[in-house]
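> dropping a prediction and its sequence here:
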2 protein chains.
Amino acid sequence: MKLTIKDIARLAGVSTTTVSKIINNKHDSISKDTTEKVIKIMKDNNYVPSTIARSLVTKKTKTIGLIIPDIVNPFFPELARGAEDKANKEGYNLIICNTDEDIQKEDRYVAMLVEKMVDGIIFTASSQRVDDFKLLKNANIPIVLVDRDVKGSHISSKITVDNFMGAYEGTKHLIEQGYKKIIFITGSLKNKTSLDRLNGYKKALDEHNIKFSYENVIEGSYKSEWGYNAVNFILKQNKNFDALFCGNDLIAIGAIKALKENDIKIPQDVGVLGFDDIYISRIIDPQLTTIKQPIYEMGYKSVQTLIDILEKKSKKVKDIVLVPKLVIRSSTVKG
Amino acid sequence: MKLTIKDIARLAGVSTTTVSKIINNKHDSISKDTTEKVIKIMKDNNYVPSTIARSLVTKKTKTIGLIIPDIVNPFFPELARGAEDKANKEGYNLIICNTDEDIQKEDRYVAMLVEKMVDGIIFTASSQRVDDFKLLKNANIPIVLVDRDVKGSHISSKITVDNFMGAYEGTKHLIEQGYKKIIFITGSLKNKTSLDRLNGYKKALDEHNIKFSYENVIEGSYKSEWGYNAVNFILKQNKNFDALFCGNDLIAIGAIKALKENDIKIPQDVGVLGFDDIYISRIIDPQLTTIKQPIYEMGYKSVQTLIDILEKKSKKVKDIVLVPKLVIRSSTVKG
DNA sequence: GTGAAAGCGCTAACAA
DNA sequence: TTGTTAGCGCTTTCAC
C-alpha cells in the first residue's frame, strides 16, 4: 500500500512536521541525525509524497497549462518542447490542450485548467478571440500569451515575434534578388500577426517604389492545402507574378507543390519565400528561404516569464518581442 | 476571491453534502427545487469546484501522463493528438513528458507523475529499457505501452503495430517493382520494433530467393541525419544496390537528400521505401512510398485502453496489434 | 430529502 | 530541535 507522511513519522519515531520539513528541504532546524534517519526510512519504503495533498494547502500545483491550436501543426511541437523543457527544469509539469482554434474548446479547456488549479497558463489564442478571461481573473491564474497577440485585460505578459520586421526583411530580400511582382499568400487577415506581416510586405514594396495592390494579396488559411489551392487559383487567373511571399512555411510548401506540378521552375521562374522555418523547410526541394522564428525559444521564454510572475509575485512583467531572422536558401536565389 | 463549496452551501442555505451531490450529478435524492436553486447560485457566482480537493478524497485525478521521446519528432505529435483527443473526450487531461530516450529522465518523469497521482500512464519506452516500473506497481498506477514493446511485469496493456508484417509487405513491394539489391537502413537494432522489421525484410527476400546478408543492413538511429550519412557511407563503399528500405520516414528523407545530391535518380536508379507515413512524406519530392502506421489511432486507442482499465477495474486487457498498410507513391514506382 | 461529521495527506503557525 | 494542532475543500457514510 501507499505510505503517507504519518507512516513515515511513526516509523521514524518523529512527528509529521519533522518529516514534512525534511521533504521540503527545510533542514535548518532539524538535526543531521534525524534528517538522515528519516531520509533513509523514506527511501527504504519507496515513500512518495502526495503533491495533491500538498497542493490543497499550498495552493500551488506546479502545473502549467499549454493551450495551442494543434500539436500536429509543425510549428507547435517546437514551441511545446521549449515550454516543456523549461517547465521540467523548474519542476513544473505541462498539461497540453489542442483547441483547433475553436473558441468554445478554448473556453472549456480554460475551465478545466482552472478546476485543476494550474498555477498558470501559456496560451496561443485563436484569431477570433477578444475575450478577457474572466474565469482566470476570478481564480487569479496568470496567463502568458505566446505567438498570437490578442487583447484582454487579464493578460500578464506576451511573447511575440516582430512580424512586421520579418516580413519587411523577407520582402526586401525578394526584391533584391530581382523579383518585382510579388504576390502575398496569407492566412486569415483577422489577426495582428497577419496584419503586421502584410504591413512589412507593404513597406518593403514602398521603399523600392513598387506599387502595392490588394489584388496581390490572397487570403486563406495557414495550411499547405491553401498554398496549393492559392497557386492554382493565381494561375487560372493568369496573374502576372514572379515571386510568392507565403504567410508561413506550410503555405509555401503547398505552393511549391503546385508550382512544380505546373512545371514552373523555382527559383528561376518564381521565387518562393516562407515564414517560420519549421523543420521540413530545410528538407524539401528546393530548400525554402524563410523568415525564421525562434519557436523553441518562444516556448521556453513563455514558461520562464510565467514562472517569474508566479514566483516573484510580480503581477506583470514586460512583454517580450523576439527578432525573426531571414534564412536564405535555394528557393529565392537564382543561378 | 475563490468560493468554496461551503460558501455555496451557505448562500443556498443548504449543507455541503447537498451541494456536493448536485455537483456530482447525484440528484437522485435531492429535490428539483433545491437542485435548481443551488445550480443557479453556483452559476451566478462563477463557482468552480476544486478538483484537487476532490482528488484527495477520491484518489482520482482525471489526469494521464504521456511519456514520449520527443514531441518534435514528427511521429509523436500525431500520437499525442490521438491520445489527447480521446482523453479530452472522456474528461481527462494529459501531462506531456519528453525523455529523449534517456532512461534517467524517464525515471524522473515517472516519479513526478506518481507524485502528481496521475490515474495512468501512456509510455513509449526507450529501446534500452527493461525495468519493471516498481514505483508504479507500488502506487498501483496502470501503464499502457504504445509503439514500443518492452518487457516489464507491471504493464497493463500494449498497443503496437505489426512491424514484421509491414516490413514484409514493403520489401515484397520493392521486389515486385523489380528491385533486387535492397539495403536496409535501420535505427538501433536493440529493440523489438527494429528486429521485427528486420525479420519481415528477411522473410520477403527469402520468399523471392534473394540472399540475405548482414552486409546489407546498416544500423544507426531513427533520424534523417542518419539516412543522409548512411547513403554517403554506402556510396563511398561502392556497394551495389538498387533500393533502400529505410527504418522510418525520417531516415528515408535523409537518404533521398543524399541520393539527390549525388545525382542518383529516384525511383529509376534507386527505389526508396520508408516506414511510418508522417506528414512530410507526402510533401517531399519524390513522394515517399511508405508503410503507414495508424499513428493517431495508436494514441487514441492507448488512452481508450487505459481508461477501460481505470474505469472497468479490469486489471489487464488484451494487447492490441494494429495493422500497418503499404502506401505506394512515386519513390518506388518506375516509369 | 437533507445534514453532521469524519477524514483524504499534507503544511504551517505556534508551543514546548 | 521537535511536536501539537488546525485547517486546505471536498466526498461519503450514517443518521435524521
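Done, it's in. Numbering: from 1, shown residues only, chains lettered A, B, ... in the order given.

> near chain B, anything from stretch A:291-301?
No. Counting by Cβ under 8 Å from any Cβ of the partner chain, chain B has no neighbours in stretch A:291-301; the shortest distance is 8.5 Å. For glycine as for every other residue, the C-beta is placed from the backbone atoms N, C-alpha and C.

> how about that stretch: buried residues?
By neighbour count on 16 or more other Cβ atoms under 10 Å in any protein chain shown, the buried set for stretch A:291-301 is A:Ile291, A:Lys292, A:Gln293, A:Pro294, A:Ile295, A:Tyr296, A:Glu297, A:Met298, A:Gly299, A:Tyr300, A:Lys301.

> average model confidence for it?
The average pLDDT for stretch A:291-301 rounds to 97.

> equivalent analysis for stretch A:14-29, please.
Across stretch A:14-29, the per-residue pLDDT values average to 86.

> that one close to DNA strand C?
Yes. Judged by Cβ under 7 Å from any atom of the strand, stretch A:14-29 and DNA strand C are in contact via A:Thr16, A:Thr17, A:Ser20, A:Ile23, A:Asn24.

> return the set of buried residues in that stretch.
Buried residues in stretch A:14-29 (16+ other Cβ under 10 Å): A:Val14, A:Thr18, A:Val19, A:Lys21, A:Ile22, A:Ile23.

> test my guess that the second one contacts A:Val38.
Yes. Assessed by Cβ atoms under 8 Å, A:Thr18 is found in contact with A:Val38 at 6.8 Å.

> mind listing the shared neighbours of these two?
Common neighbours of A:Thr18 and A:Val38 (criterion: Cβ atoms under 8 Å, 6 or more residues apart in numbering or on different chains): A:Ala12.

> tell me how far stretch A:281-289 is from the chain's mean position?
Computed by Cα atoms, centre = their mean, to the nearest Å, the chain-centroid distance of stretch A:281-289 equals 22 Å.

> quick check: buried residues in that stretch?
A:Ser281, A:Ile283, A:Ile284, A:Asp285, A:Pro286, A:Gln287, A:Leu288, A:Thr289.

> do you know the pLDDT at the residue lying closest to the fifth one once chain neighbours are set aside?
Right, the one you point to is A:Pro286. Excluding the flanking residues, the one nearest A:Pro286 by Cβ to Cβ, 6 or more residues apart in numbering or on different chains is A:Ser330, at 4.0 Å. We have a pLDDT of 96 for A:Ser330.

> number of residues surrounding A:Ser330?
Neighbour count of A:Ser330, defined by other Cβ atoms under 10 Å in any protein chain shown: 14.

> let me see the contact set for it.
A:Pro267, A:Pro286, A:Gln287, A:Thr289.

> OK, contacts around the second one?
Spelled out, that is A:Pro286. A:Ile256, A:Ile266, A:Pro267, A:Arg329, A:Ser330, A:Ser331.

> whichever of those end up buried, select them in ChimeraX.
Of the contacts of A:Pro286, the buried ones can be selected in ChimeraX as follows, counting by 16+ other Cβ under 10 Å:
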select /A:256,266,267,329,331
